[in-house]
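Student: next one to model:
(one chain, ligands or ions: 4)
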Amino acid sequence: AKDNLSNEFCYYNSFLDKIAKKAIRLELDIQRAIENNELLLTYQPKVNLQNNKLAGIEGLIRWNHPSYGIVSPGEFIPIAENTKEIIPIGKWVINEGFRQAKEWNKQGVHFKKLALNVSPLQFYTSNFVDFIKEMLDLYQLDPELIELEITESVMNNIGRALDMISQLKAIGITVALDDFGTGFSSLNVLNQLPFDCLKIDKSFVKQVLTDRKTGILTKMIVQMGKELDMELVAEGIESKDQLTFMKQCNCNIGQGYYFSKPLSVKNMEAYLRLQC
Ligand code: C2E
Ligand code: CA
Ligand code: CA
Ligand code: CA
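Tutor: Ligands and ions are numbered 1, 2, ... in the order given. Below you'll find the model as predicted:
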């Protein structure tokens, strides 16, 4: 029995060891990911729930690591936020997303609107708005084609957030509040910040059919958002029944595996060509 225990202990120990080693390795390697060309964007469609037409797309980052293969942002974004490496990575995302948008423009491939995720740290760098302007200029891109998604963790400084969002909207870019419902933000945030779009977190959508309270809350969020003139996006729609529920709530837009997983550039291009 003693042997068994120590075996299990060793196994468990080496398992933790692996995770820790990977985290350390990722933290080190992320510094060279950009120059080594290891980052890429995948794209997921957003669908208009009234007419089933394309409503836009969201760019989602991936890291093609030389030994681990594709690493998901859930694994490396938190690390990059800790080391502040998220700042150059965030810049890379904007540059790459805008470049791709311009490329599709030139090819006559219509994507309606490209949404990109912005980390709070990047959002609050002093020259963020100037950087966005610079990139729009560089690629000669219509600002109406771009949306930025920020999470409510940027809301700890309402005054600053209001200033930033107002500046971005003045340029003609739209701003979405991502992961709505997961944090601690009060309704006050919605009252004070002029978001164009509210993205209902997928943890809600996942439970709309199985948890009565979640269903009620989701309905109310859609109603409230619409009264405040925001677009409503339901994230993480995976089933026909979830889709039907969100439609019944009058939610405008849906996103999720039911429609499509995030796609490579090539596959998104094929998807977009099929849309028109
Ligand atoms: P998010 O912005 O809330 O993105 C939605 C996540 O849900 C994506 O995971 C997407 O692939 C996944 N998803 C989409 N449809 C479904 C579905 O039907 N079911 C389920 N279970 N999941 C679905 P992903 O790509 O792994 O990204 C995770 C998070 O990493 C994102 O959450 C976002 O917070 C962050 N992230 C991704 N790309 C970037 C980026 O370029 N910059 C920053 N700062 N963060 C990013
Ligand atoms: Ca997002
Ligand atoms: Ca989200
Ligand atoms: Ca999220």
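Student: who in the stretch 51-200 of the chain is up against ligand 2?
Tutor: Residues of the stretch 51-200 of the chain lying close to ligand 2 (Cβ under 5 Å from the ion) are N117, E149, D178. From N, CA and C alone the C-beta is placed, and that goes for glycine too.
Student: the closest residue to Q275 other than its chain neighbours: neighbour count?
Tutor: Leaving aside its sequence neighbours, Q275 sits nearest to L54 (Cβ to Cβ, 6 or more residues apart in numbering; 4.7 Å). Number of residues near L54 (other Cβ atoms under 10 Å) recorded here: 20.
Student: L54 pairs with what?
Tutor: V47 (DSSP bridges).
Student: wait, isn't it in contact with F111?
Tutor: Yes. Using Cβ atoms under 8 Å, L54 makes contact with F111 at a distance of 7.4 Å.
Student: which residues are in contact with both of the two?
Tutor: Both L54 and F111 are contacted by L272, under the criterion Cβ atoms under 8 Å, 6 or more residues apart in numbering.
Student: contacts only, for R273.
Tutor: Contacts of R273 by Cβ under 8 Å, 6+ apart are V109.
Student: now do the SS call for D178.
Tutor: strand (DSSP: H, G, I helix; E, B strand; the rest coil).
Student: tell me the pLDDT at A1?
Tutor: The model reports A1 with a pLDDT of 52.
Student: what is the nearest of the residues of the stretch 51-200 of the chain next to ligand 2 to K18?
Tutor: N117 (28.5 Å; Cβ to Cβ).
Student: please name the bridge partners of the closest one.
Tutor: E149.
Student: hang on, the earlier thing: how close does the residue nearest to Q275 sit to S239?
Tutor: 20 Å (Cβ to Cβ, to the nearest Å).
Student: is the helix or strand harbouring K102 positioned near ligand 1?
Tutor: Here K102 sits within helix 86-107, counting by DSSP states H and E. Yes. Using Cβ under 6 Å from any ligand atom, helix 86-107 comes into contact with ligand 1 via G90, V93.
Student: how far is that helix from where the chain is centred?
Tutor: 14 Å (Cα atoms, centre = their mean, to the nearest Å).
Student: hang on, the earlier thing: turn the residues of the stretch 51-200 of the chain next to ligand 2 into a markdown table, columns for pLDDT.
Tutor: Below are those laid out as a markdown table (pLDDT from 0 to 100):
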| residue | pLDDT |
| --- | --- |
| N117 | 98 |
| E149 | 98 |
| D178 | 94 |
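Student: which of those has the most neighbours?
Tutor: D178 (25 neighbours).
Student: hang on, isn't that one packed against K199?
Tutor: Yes. If you go by Cβ under 8 Å, D178 and K199 touch, sitting 5.0 Å apart.
Student: could you say which helix or strand contains L217?
Tutor: helix 212-227.
Student: show the average pLDDT along that helix.
Tutor: What helix 212-227 shows for mean pLDDT is 95.
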